[in-house]
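structure, please.
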Amino acid sequence: MSGKKLLLDAPTEKPALGYRRIASAFAEVITQSKPNFAIGIFGGWGSGKTTLMTAIKAALPKDDFVAVNFNAWRFEREPQLLIPLLDTIRAELVRHAKRNTETASKLHQITERLGRVVRALAKGLSGSVGVPGAVTVNYDAGQALDALSALSAEQDSLKPESLYVAAFQELQESFTHLAEAGINGIVVFVDDLDRCLPGNALDVLESMKLFFDLAGFVFVVGLDEDVIDRAVLAKFATETSSHLAEGEQASAAMTSLTERLGREYAKKIFQVPYSLPTMLPQQLTELLESMFREAGIEGEQLADLHKRVRPYVNLLAVERRVNPREVKRFINSYTLQTLIRPDLNPDVILSLQTLAFRRDWEDAYDAINADSELFIGALRSYRTGYAAAFEDTLPGLRRFPPDLNTFLASSLAEPLVARPSLDAYLSSLRSTRGSGTWLFDLFHALGRVERAVAGVLASKAEEPDISAVTEALDRYRNAEVKGPNPAITEKVREISKRLAGLASELSTMAPTLDAVPITGTLQVLAAEIERFKAELRFIRDAETF
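So this is what the prediction gives:
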């Protein structure tokens, strides 16, 4: 057994990059301030929000503060989010009571009352089963309000008629006794909002707002501001679009309005916003040492990661920013492939992985997926000094960014030209990243069509030969579309129908060989292919581990 280890995608117990200092500062703010506010920890996917929140929790005093972890993604489909949120808080209070026997009696009174509120809210739930396996859950606010009103000692004329007012009053009454139970505050850590659908993420935040006004509560929420922007766009696009002019100006105005609404929304919810500092390339050594140390990586694996893998990891920085989670995924993908396929050359694995992980280099990676042998041929010519090798060999391929050109000419890309084909390596890489074979087949077939179209357009012939285009379209139509998600499969088929329509149009024109209409249709076809590739990339990213 090789003894190789993976880097777990979990918050570290010994965070690097100054997170302990940041966590201590937040813990002091929480313990020294009146517990009645919300903190927003902002950062992109994989930037370390969970790690920081875990560090804040660890820095809080255990005796007089109760820390509650609430996974928003797990409950995003709940028709009434208050129920799992309250029940999670209740369960944590029960655990706290077991550790603090002196105040256990008072805490049990609070948890019992909370339990009654949860059961009252749950009375509004009703389920109906349709076809086997499909469950529809409805919420009857009236039933829940009646149950909550029954808990109140107020006269009927004073009882609230709003579910949220009734719930707030009951919760307020319950939590007024926290100090008597020796608790200075309840700190609720809300994580995984980024994994929720944008609309559901907004619903989660809206549901939590009821608690933001409760004395004794501090919320620490980790989220990506882009999630709020997308949620606000989804909610308000229809309402605002009618007030804007059509065209690109409307699109720009909508984007600007959405960003402004999203930022204003976040400001109103979070009294204490904090954006995670960007991790810079010069901090990569500290990050890697922390990761390797915590995972217990040593010996030959550690030496290999330092000597062979590290130069490629350096290339993951985009715009001088490094994403810690992407670094882990890159190293884990390499480790798995070398374990499962020891027959593959590790340097080729790393070269190909680098192209796959750099989102801004996706044109080169897509070209390899379309035809790895053709790409290798172009790369050999390019590395011997022929600057136009890719344009001539792969017509239609967009100009590469300067840093990609530098990589392709460097010793780090040399392993790619040592193999006649990269198909075995592509298959291995897909296995560790989750993107299915059907997507590879589509990219491959689509690449043939794209190159054939670009070749005809580049020729500018008076009587264009479109036989290569029609042949490539036939091959594309035979590519099997069988994704794991029926909705995604249907989306791909829907887009494919547009290409099929253009193919029929070309076959009708073929006998005339009239360059003008054929060129026009080919240009439309090229634009449709570009849009389709963008859709496929989005699907591939969604399927990637």
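
how does this structure divide into domains?
Domains of the chain are assigned by automatic domain parsing as 34-275, 435-545.

average pLDDT for the longest one?
Yep, that's domain 34-275 we're talking about. For domain 34-275, the mean pLDDT works out to 72.

how about stretch 415-426?
Stretch 415-426 comes out at a mean pLDDT of 92.

and it, how far out from the chain's middle?
Offset of stretch 415-426 from its chain centre (CA atoms, centre = their mean, to the nearest Å): 30 Å.

just the CA atoms of that stretch, as PDB, please.
Below are the C-alpha coordinates for stretch 415-426, written out as PDB (Å, rounded to 0.1, in the frame of the first residue of the first chain):
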ATOM      1  CA  PRO A 415       5.100  16.400 -21.200                       C
ATOM      2  CA  LEU A 416       1.900  17.000 -23.300                       C
ATOM      3  CA  VAL A 417       3.800  16.600 -26.600                       C
ATOM      4  CA  ALA A 418       5.500  13.300 -25.500                       C
ATOM      5  CA  ARG A 419       2.300  11.300 -26.100                       C
ATOM      6  CA  PRO A 420       0.600  10.700 -29.400                       C
ATOM      7  CA  SER A 421      -2.800  11.000 -27.700                       C
ATOM      8  CA  LEU A 422      -4.200  12.300 -24.400                       C
ATOM      9  CA  ASP A 423      -7.500  10.400 -24.500                       C
ATOM     10  CA  ALA A 424      -6.500   8.100 -21.600                       C
ATOM     11  CA  TYR A 425      -5.400  11.000 -19.500                       C
ATOM     12  CA  LEU A 426      -8.700  12.900 -20.300                       C
END
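
okay, buried residues for that stretch please.
Pro415, Leu416, Val417, Arg419, Leu422, Asp423, Tyr425, Leu426 (16 or more other CB atoms under 10 Å). Glycine gets a C-beta too; all of them are placed from N, C-alpha and C.

kindly report the same for stretch 169-180.
Gln169, Glu170, Leu171, Ser174, Phe175, Leu178.

would you agree the third one falls within a helix?
Right, the one you point to is Leu171. Yes - assessed by DSSP: H, G, I helix; E, B strand; the rest coil, Leu171 belongs to a helix.

let's number from 14 now, not from 1
Sure, I'll start numbering at 14, so the last one becomes Leu184.

burial check on the closest residue to it other than its chain neighbours, number of neighbours?
Leaving aside its chain neighbours, Leu184 sits nearest to Leu227 (6.0 Å; criterion: CB to CB, 6 or more residues apart in numbering). Neighbour count of Leu227, defined by other CB atoms under 10 Å: 17.

helix, strand or coil: sort out Leu227 for me.
coil.

so what's it up against?
Asn49, Phe181, Leu184, Gln185, Phe188 (CB atoms under 8 Å, 6 or more residues apart in numbering).

quick one: the strands in the stretch 64-213 of the chain, in order.
78-84, 138-142, 148-152, 198-204 (DSSP state E, counting those that start in this stretch).

which helices and strands sit right next to the last one?
This means strand 198-204. helix 32-45, helix 62-72, strand 78-84, helix 95-112, helix 211-225, strand 230-236 (3 or more CB pairs under 8 Å, 6 or more residues apart in numbering; DSSP states H and E).

the inter-axis angle of the last one versus helix 62-72?
Strand 230-236 runs at 150 degrees relative to helix 62-72, counting by axes from the mean of the first three to the mean of the last three CA atoms, to 10 degrees.

contacts for strand 230-236, please.
Residues beyond strand 230-236 that count as contacts (CB under 8 Å, 6+ apart) turn out to be 39, 43, 48-56, 62-63, 65-66, 69, 188, 198-204, 206-207, 214, 218, 221, 224-225, 283.

tell me the strands beside that strand, with direction?
As defined by DSSP bridges, the strand partners of strand 230-236 come to strand 49-55 (parallel), strand 198-204 (parallel).

reformat the buried residues of stretch 182-193 as CSV; add distance to Glu476.
What follows is these, written out as CSV (distance: CB to CB, whole Å):
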residue, distance to Glu476
Gln182, 82
Glu183, 81
Leu184, 79
Ser187, 83
Phe188, 82
Leu191, 85
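
after the helix or strand where Tyr278 lies, which helix or strand is next?
Assigned by DSSP states H and E, Tyr278 belongs to helix 261-282. Moving toward the C-terminus from helix 261-282, the next helix or strand (DSSP H and E) is strand 285-288.

same for that following strand, what does it pack against?
strand 49-55.

what angle sits between the strand it packs on and helix 32-45?
Going by the same axes, to 10 degrees, strand 49-55 makes 160 degrees with helix 32-45.

tell me the gap between strand 49-55 and the middle of its chain.
On CA atoms, centre = their mean, the centre of strand 49-55 falls 21 Å from that of its chain.

in that strand, what's buried?
Quick answer for strand 49-55 (16+ other CB under 10 Å): Ala51, Ile52, Gly53, Ile54, Phe55.

next, count neighbours for the residue lying closest to the last one once chain neighbours are set aside.
For Phe55, the nearest residue in space outside its immediate sequence neighbours is Ser288; the separation is 4.5 Å by CB to CB, 6+ apart. Applying the criterion other CB under 10 Å, we find 12 residues in the vicinity of Ser288.

same deal with Thr64?
With other CB under 10 Å as criterion, Thr64 counts 22.

same deal with Phe88?
A total of 20 residues lie near Phe88 under the criterion other CB under 10 Å.

try Met221
21.

contacts only, for it.
Here Met221 is in contact with Leu94, Leu98, Val203, Phe232, Val234 (criterion: CB under 8 Å, 6+ apart).

what about 7 Å?
Contacts here follow CB atoms under 7 Å, 6 or more residues apart in numbering; on that basis Met221 touches Val203, Phe232.

Ile123 versus that one, what's the distance?
20 Å (CB to CB, to the nearest Å).

distance of Glu238 from Leu95?
25 Å.

tell me which of the two has more neighbours.
With other CB under 10 Å as the criterion, Glu238 and Leu95 differ in neighbour count, and Leu95 comes out ahead with 21 against 18.

measure the more buried one to Ala135 for me?
Computed as CB to CB, the Leu95 to Ala135 distance reads 10 Å.

what's the answer for Asp416, then?
From Asp416 across to Ala135, the span is 56 Å (CB to CB).

between those two, which is the more surrounded one?
Ranked by neighbour count (other CB under 10 Å), Asp416 and Ala135 place Ala135 first, with 17 against 14.

what about the more buried one, distance to Ile96?
6 Å.
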